[in-house]
Every structure is written in structure tokens, then in C-alpha cells.
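J.: build the 3D model from these lines:
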Amino acid sequence: MLEIPSSAPAWRKAFGETGKNSPNFLFVSFFSLFFLFLLLTPQKSRATSFNDFIIYPYETPEQGEISLGTWQSVLLPSKSGEAAFNHSEYNQDILFSTYVLEFGVTDWWTLGTYVDFMSGAGQGYSYLQTRAITSRIRFPRIPDFIDPAIQIEYWVPTGAANNPSFLDLILIGEKKVGRFVFDINSSFFFETANPGGAAEGIPPDMEYAGGLYYLLADNVNFGVEAFGALGPVTAMLPFGGPVGSANIQQNYIFQSWNFAIGDHIDWNVGVGTGLTQASAPFVFKTIFEYHFKPFGSQEEGEQYKEEQNIH
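T.: Numbers count the residues shown, from 1 in each chain. Next up, the predicted model:
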């Protein structure tokens, strides 16, 4: 993601940054209770397939801005024992595709929808699921700490995939130091419906994504990224186990390049390798996004110019 330091959103002035009524105080208090609740709740162990090689940034689209994009990931081959469309993914080359529509409701609140497709493991290019509701909200920056935001997604798979539905809660943190940018995402998947039995909604499975980037030029950066699926938050999966098992962590490390092409196009390309026996040995990903403002003036504000992002 390309990041150039920018001014804080205007709404932070309305709320202020300190005190018990500030968004930051509420943010920290809520999630402290949230993590305590997770740790005290018993659960069954289970895994989810990992294929989302994307890191959400702190910044959101400007008000009135539309973002269209596609994310493509190729696993060569998958080593997960998970099943898709009732076919095992183990030792199969798989393509995952996501098509994205996002809209900046305000400078700090984004709504969107994502549609996922896949091919491989005995399945032609097929509709997999819709993330019917996606919303990202950024909170005021925390001086000398991190810039916090949150993304909420509701996953609704096609019935043919025979996969559960999820509510995904993603905590986003970002820190800029000079020409370096660090992003971290922690995802918590709450199962809301399962065609194979009762939904195991609480506590959730956990995934992570993180990246460290260096700004080489105003429109190019280089980064190292890490991704993983860890399993249930109170009983995380092991690093190893039986070959083809679905109950093993999946962890990846990537080399990533990010480009801002002109004023409206962002492009990310990366190659990665798996770190556990359930992770694909080789992964290629590319993310392409086009941003524009169809309503009102086509003049780009200072925030739009400074906050152009590649996820």
C-alpha cells in the first residue's frame, strides 16, 4: 500500500482525542472487554481456508469516491485439507478471484461489497460467495501510538460450496515512521450459519495479515508481508500434523511491490511461500484498483492526492 503522511480526518476535531467520551477511549475499552470474553469462552477446534492475501489500510476513500478493483491469488498447489464444492483442495492448483466495489460515504466511513470466485480442485471458474456487507470505519489517530480502524464483513457463500457463513471483524492498526509504514490486521471469523450442522459462532477463528513497507519514491514502495490462519482463538492449531489435514495453521510470507499509476490506479503484485505443511509452497497475487469521483467536481482534494493507497 502506498502511503504518504496526511492530515487527520476533520471529524476528530468534533470529538477530540482524549477523555472518556473520545472515540479512542471507547475503542480501547470495547476491545479490551472483547478479548477478555474470547479468552474465557470454551470452544471446539476448527479451521477455515486461507486465500485473502490483502492488507487493509487505515485510510478510507474520500467522501463520494468509488473504488473498483479485483484481487487475484494463485496457489501452486494448495496443501490444505479443506474442501470446496465438496472437492478436496489438497495438492490442487487453485485460483481465487475477488471483485470489489467500495464507496466513501464520508471521509472516514466506507461501504462496499465483494464477490468471490474460484477455480481448481475439480471445479471450473465458479461463483463462491458474496461479502454482502462490508464497512470500514477509521478512528482518530492516536499520537505516538497507532492509527486504528475497523472493517466488518458478512460472508454469504453459495449453497453449492457447502461452506459456512461468517461475520468477519477485522481490527486495523497502522504506524508511519519516516519513509516506513507498518500495517497490521487481526481478523476474527464468527460462524453464523453452517449447512453441515450447528454454527459455532463464539468464540471465533483468527487470521492475521501484516506488512512493512518502504517508500522508494512518491509512487512506488517495496514491502514484506505476512499472512496466516491460526484457528480458534482459545485453542490455536498446531504448525504440523497429518499430511492433508485441515487442522494445521497456514502461514505465508510475501515480497510485495506497490505502484500508484497516475492519479486513479493502484497496483500491487507479490510472490509468497508457505511456512507450514498446510500452506501452498508458492503463491502469486495481484491487486488492481481504480478510484474515481463520479459525482460533483472532478477536482481531487488534498486528502485524495495524499492518501492514495494500494492494499
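J.: surely Phe53 touches Val283?
T.: Yes. With contact defined as Cβ atoms under 8 Å, Phe53 reaches Val283; the gap is 6.7 Å. Every residue, glycine included, has its C-beta placed from N, CA and C.
J.: shared neighbours of these two, anything?
T.: Between them, Phe53 and Val283 share these contacting residues under Cβ atoms under 8 Å, 6 or more residues apart in numbering: 73, 252, 254, 272.
J.: low-confidence ranges, the stretch 151-300 of the chain, go.
T.: Confidence mapping of the stretch 151-300 of the chain against pLDDT under 70 gives the ranges 196-201, 243-246, 296-300.
J.: which residues of it fall in strands?
T.: Taking DSSP state E, counting those that start in this stretch, the strands of the stretch 151-300 of the chain run over residues 165-177, 180-193, 205-217, 220-232, 250-261, 265-274, 282-292.
J.: can you redo these as TSV with distance to Glu82 and mean neighbour count?
T.: Rendered in TSV, the data for those read as follows (distance: least, Cβ to Cβ, whole Å; neighbours: other Cβ atoms under 10 Å):
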stretch	distance to Glu82	mean neighbour count
strand 165-177	14	19
strand 180-193	13	19
strand 205-217	12	19
strand 220-232	10	20
strand 250-261	9	19
strand 265-274	14	19
strand 282-292	15	18
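J.: among those strands, which is nearest Ala132?
T.: Ala132 sits nearest to strand 165-177 of all those, at 9.5 Å, using Cβ to Cβ.
J.: within the sheet, what are the partner strands of the closest one, with directions?
T.: strand 147-157 (antiparallel), strand 180-193 (antiparallel) (DSSP bridges).
J.: need the residues that contact it.
T.: When contacts are defined by Cβ under 8 Å, 6+ apart, strand 165-177 is touched by residues 3, 5, 31, 48, 56-58, 131, 136, 138, 145-157, 181-194, 199, 201, 204.
J.: verify the contact between Phe190 and Pro232 for me.
T.: No. Taking Cβ under 8 Å as the definition, Phe190 is not a contact partner of Pro232, at 11.5 Å.
J.: overlap in contacts, the two.
T.: Counting by Cβ under 8 Å, 6+ apart, the shared contacts of Phe190 and Pro232 are Pro204.
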